[in-house]
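Chemist: need coordinates for the following:
(one chain, ligands or ions: 1)
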Amino acid sequence: MKHSPISRRALAIGGALCALAFGAAACGSSNNNSSSSTSGGSSTTSGSKAQKVGVLLPDTQSSVRWESFDRPDLQKAFAAAGVPVTIDNAQGDKSTQQQQAEQLITNGAKVLLLVNLDSGSGAAIEANAQSRGVKVIDYDRLTLKGSAAYYVSFDNVKVGQLQGQGLVDCLSKAGGTPNIAELNGSPTDNNATLFKQGYDSILKPLYDSGKAKKVADQSVPDWDNQKALTIFEQMLQKTSNKIDGVLAANDGLGNSAISALKARKLKQIPVTGQDATPQGIQNILSGDQCMTVYKAVKKEADAASKLAIALATGKQPEAGLVNGKTNDTARDVPSVLLVPQAITKDNVKVVFDDGFLKPSDVCVGKYQSLCSKAGIS
Ligand code: BGC
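Modeler: Coordinates of the predicted model:
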């Protein structure tokens, strides 16, 4: 499968954003290990009090969020608390992640924040950490049958419901019985299961009553955007292009579907997404995408840093922070579950007003005039 020029360009834009945000050194290299050991108040004498924290990010391919948002937000949150943090990215490789965890523990980390690559490897990292007296927080993705002390994420079933309802709302403008294709996240990511649970709770009744037709339903291994492009191409092929709406589980997968539609010179159809990435917002402004789900990563990073500090100092987290429990199929994990928000052309300003994106992230080239029209400046 050849990559379309559009998806190449999209990757190039992603790379440029990465370089802008972190300096070229933090982007793309195989050992993407930017460590900051800030002591916040700059006094090193109290350094012995500082508890080291390690963060294990999953990859740079499945979403730009990890490097563009989670990394800087976590850096800031720990810096503000005067806690030294090292942030690693496993580049999608499970054994690399295992080695990074090992290295962080050897270097004195007392708490790890883990975004697992699958539950099996995540549980192994957690068991090893536990045996060394190190606490782990499941960051964004729950590790099934793991041993994390906490889970910090969003209400991920709700994320899926927002996607399902968003798609239905966009499709209702056209009327008729729409043919829907589902492009699901990675089968190894528990979140992908929860997102699907959410959107299928909205879509299945419509399929069952004949108000909509499911014409394709496939998971994308590792959330890989190139694989998504191939998969969606095949969906179009099999249905003779008769797809009226795409439930894509995140902005990257949505963009793959959009690229395939454009390559076939097909008209715009409702496509969903998630993460409110610069590219996703551009696609919304141009009408190629109908909605995305905004998850305030800053709140997620702040909550995780508070829990990490509580664990490292043996204190209880502040009252009200932990607001639920999530079953990991073996036990209930105390959880912080934040609220996601649907974004369409109508409320696209939210992500700028919240400081998540800057106009300069989005309003470049042909998007400048679209931004002005939407009141973004
Ligand atoms: C996260 C999403 C992200 C996806 C791919 C999920 O676990 O919740 O925000 O788009 O992984 O990285």
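Chemist: which helices and strands sit right next to whichever helix or strand residue 138 is part of?
Modeler: Using DSSP states H and E, residue 138 sits within strand 135-139. Packing partners of strand 135-139 (3 or more C-beta pairs under 8 Å, 6 or more residues apart in numbering; DSSP states H and E): strand 109-114, helix 119-131, strand 150-154, helix 297-313. Just so you know, the C-beta spots here come from the backbone N, C-alpha and C atoms, and that holds for glycine as well.
Chemist: just checking, what packs against the longest one?
Modeler: The contact analysis (3+ C-beta pairs under 8 Å, 6+ apart) places helix 297-313 against strand 52-57, helix 71-81, strand 109-114, strand 135-139, strand 150-154, strand 332-338.
Chemist: model confidence over stretch 220-239, on average?
Modeler: Stretch 220-239 shows a mean pLDDT of 98.
Chemist: so it, near the ligand or not?
Modeler: Yes. Stretch 220-239 is in contact with the ligand by C-beta under 6 Å from any ligand atom, via residue 223.
Chemist: list the buried residues of that stretch.
Modeler: For stretch 220-239, the neighbour count (16 or more other C-beta atoms under 10 Å) marks 220, 222-225, 227-229, 231-233, 235-236 as buried.
Chemist: how about the helices in the protein?
Modeler: 5-22, 65, 71-81, 94-106, 119-131, 156-172, 190-208, 225-238, 251-263, 278-285, 297-313, 350-353, 359-362, 367-373 (DSSP state H).
Chemist: among the helices and strands packed on helix 297-313, which is nearest the ligand?
Modeler: strand 150-154 (7.1 Å; C-beta to the nearest ligand atom).
Chemist: tell me the strands beside that closest one, with direction?
Modeler: When pairing is defined by DSSP bridges, strand 150-154 lines up against strand 135-139 (parallel), strand 332-338 (parallel).
Chemist: tell me the most buried of the ones you listed?
Modeler: Stretch with highest mean neighbour count among the strands paired with strand 150-154: strand 135-139 (a mean of 26; mean count of other C-beta atoms under 10 Å).
Chemist: could you list the low-pLDDT ranges of the protein?
Modeler: Within the chain, the ranges that satisfy pLDDT under 70 run 1-50.
Chemist: spell out which parts of it neighbour the ligand.
Modeler: Going by C-beta under 6 Å from any ligand atom, the residues of the chain near the ligand are 62-63, 65, 140-141, 185, 189, 191, 223, 250, 274-275.
Chemist: among those, who's most crowded?
Modeler: Highest neighbour count within these, by other C-beta atoms under 10 Å: residue 274, with 32 neighbours.
Chemist: doesn't residue 195 make contact with that residue?
Modeler: Yes. With contact defined as C-beta atoms under 8 Å, residue 274 counts as touching residue 195 (7.4 Å).
Chemist: chain center to stretch 232-241, what's the gap?
Modeler: 27 Å (C-alpha atoms, centre = their mean, to the nearest Å).
Chemist: before we move on, what about stretch 111-118?
Modeler: With C-alpha atoms, centre = their mean as the basis, the mean position of stretch 111-118 lies at 14 Å from the chain mean.
Chemist: just the CA atoms of it, as CSV, please.
Modeler: C-alpha atoms of stretch 111-118 as CSV (Å, rounded to 0.1, in the frame of the first residue of the first chain):
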residue,chain,number,x,y,z
VAL,A,111,7.0,5.9,41.6
LEU,A,112,6.3,5.0,38.0
LEU,A,113,3.5,6.3,35.8
LEU,A,114,2.8,3.7,33.1
VAL,A,115,1.0,3.9,29.8
ASN,A,116,1.1,0.3,28.9
LEU,A,117,1.5,-1.2,25.5
ASP,A,118,-0.7,-4.1,26.5
